[in-house]
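K.L.:
Next comes the sequence, and after it the predicted model I'd like to discuss.
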Amino acid sequence: MKVHKMPVVCRFKFPEGLDKDTIEAQMALAIVAAECVFGQAKVRISAGYCITSHSQAEDSERYQVAIDVSTDVGEFMTQVFTGLVIRQLGEDKFTVDRVGSEEQLKEAGQQ
């Protein structure tokens with residue numbers, strides 16, 4: 001019997017004012033790269049990500065990206081996405097944290 005664990009994710013946080021299209025374009029490139037390595041079908045069933053926004057003020061938003069890194073496909077996509085974002089924005093223009101299942105449960109309970 002296989003036990004399923006909660007996914008481990010890498011959570012990226014971006015500064016206010018960054019265009020969502022920029023983030024989505026980098027994610028699209030990371031997905032294409034993963035498809036070239038793993039195949040379209042495997043990426044489709046193994047990759048998981050989410051792009052969300054949080055309003056800091058009435059007219060500004062901060063975007064976050066979470067990528068499931070519990071599979072080889074997700075780990076690869078995360079590496080490519082990170083490299084692309086570094087090239088596009090610079091190393092100091094975003095943060096990334098690896099969040100495990102215990103931390104996710106604690107965080108969910110605190111909110």
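P.N.:
Okay, I see it. On a predicted model such as this, the values are computed, not experimentally measured, just so you know.
K.L.:
Just the buried positions in the host helix or strand of residue 82, please.
P.N.:
If you go by DSSP states H and E, residue 82 is part of helix 72-89. Buried residues in helix 72-89, counted by 16 or more other Cβ atoms under 10 Å: 73-82, 84-85, 89. Every C-beta, even on glycine, is put in place using the N, C-alpha and C of the backbone.
K.L.:
what about residue 97, is that helix, strand or coil?
P.N.:
strand (DSSP: H, G, I helix; E, B strand; the rest coil).
K.L.:
Check the burial of the closest residue to it other than its chain neighbours by counting its neighbours.
P.N.:
Spatially, and ignoring its direct neighbours in sequence, residue 97 is nearest to residue 11 (5.1 Å; Cβ to Cβ, 6 or more residues apart in numbering). Per other Cβ atoms under 10 Å, the neighbour tally for residue 11 reads 18.
K.L.:
residues contacting residue 11?
P.N.:
64-66, 96-99 (Cβ atoms under 8 Å, 6 or more residues apart in numbering).
K.L.:
Can you classify it by secondary structure?
P.N.:
strand.
K.L.:
burial measure for residue 39, as a count.
P.N.:
Neighbours of residue 39 (other Cβ under 10 Å): 12.
K.L.:
Any figure for the gap between it and residue 72?
P.N.:
Here residue 39 is placed at a distance of 12 Å from residue 72 (Cβ to Cβ, to the nearest Å).
K.L.:
what sits up against the one helix or strand residue 26 maps to?
P.N.:
Using DSSP H and E, residue 26 falls within helix 20-38. Applying Cβ under 8 Å, 6+ apart, the contact partners of helix 20-38 are 14, 43, 46-47, 49, 51, 53, 61, 63, 65, 72-73, 76-78, 80-81, 84-85, 88-89.
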